[in-house]
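Participant: can't give you the sequence, but here's the structure:
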């Protein structure tokens, strides 16, 4: 069932959201100082492509640097990616088959706002 949901997700929403994260990651790499944000962005792009069967947890070693970085991330890119997940989630919830994927899109909003200090693990 996870594979089927992941395939439907990939076609309907996952690919385009992953492209958004990849663009944010490339911009972060170009600016050199923001490379840690680019790493987090590419990590989340991978998660957005295939989210069912995985979850996001807090890293126990994350410190104040992650918190400060998350504030900067929200201002620069996080809000736009969260809006993308919100719009995508609402559009997916308009159909019966899209409801699980819409809920998954809503669950990705917190990680799109604060990606630093997070870890993606298999369920």
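Facilitator: Looks like it came in fine. This structure is a prediction, so every number in the text was calculated from the model and none was measured. Residues are numbered from 1 along each chain as shown.
Participant: surely residue 41 touches residue 18?
Facilitator: No. Residue 41 is not in contact with residue 18 according to CB atoms under 8 Å; the separation is 10.1 Å. Every residue, glycine included, has its C-beta placed from N, CA and C.
Participant: what about the two, which has more around it?
Facilitator: Neighbour totals were compared for residue 41 and residue 18, and residue 41 leads with 27 against 19 (other CB atoms under 10 Å).
Participant: so that one versus residue 87, what's the distance?
Facilitator: Computed as CB to CB, to the nearest Å, the residue 41 to residue 87 distance reads 19 Å.
Participant: ditto for residue 54
Facilitator: 23 Å.
Participant: list the residues that contact residue 15.
Facilitator: Remark: with contacts taken as CB atoms under 8 Å, 6 or more residues apart in numbering, residue 15 is in contact with residue 49.
Participant: next, the buried residues of the helix or strand it falls within.
Facilitator: Assigned by DSSP states H and E, residue 15 belongs to helix 15-30. Neighbour-count burial for helix 15-30 flags 17-18, 20-22, 24-25, 28 (criterion: 16 or more other CB atoms under 10 Å).
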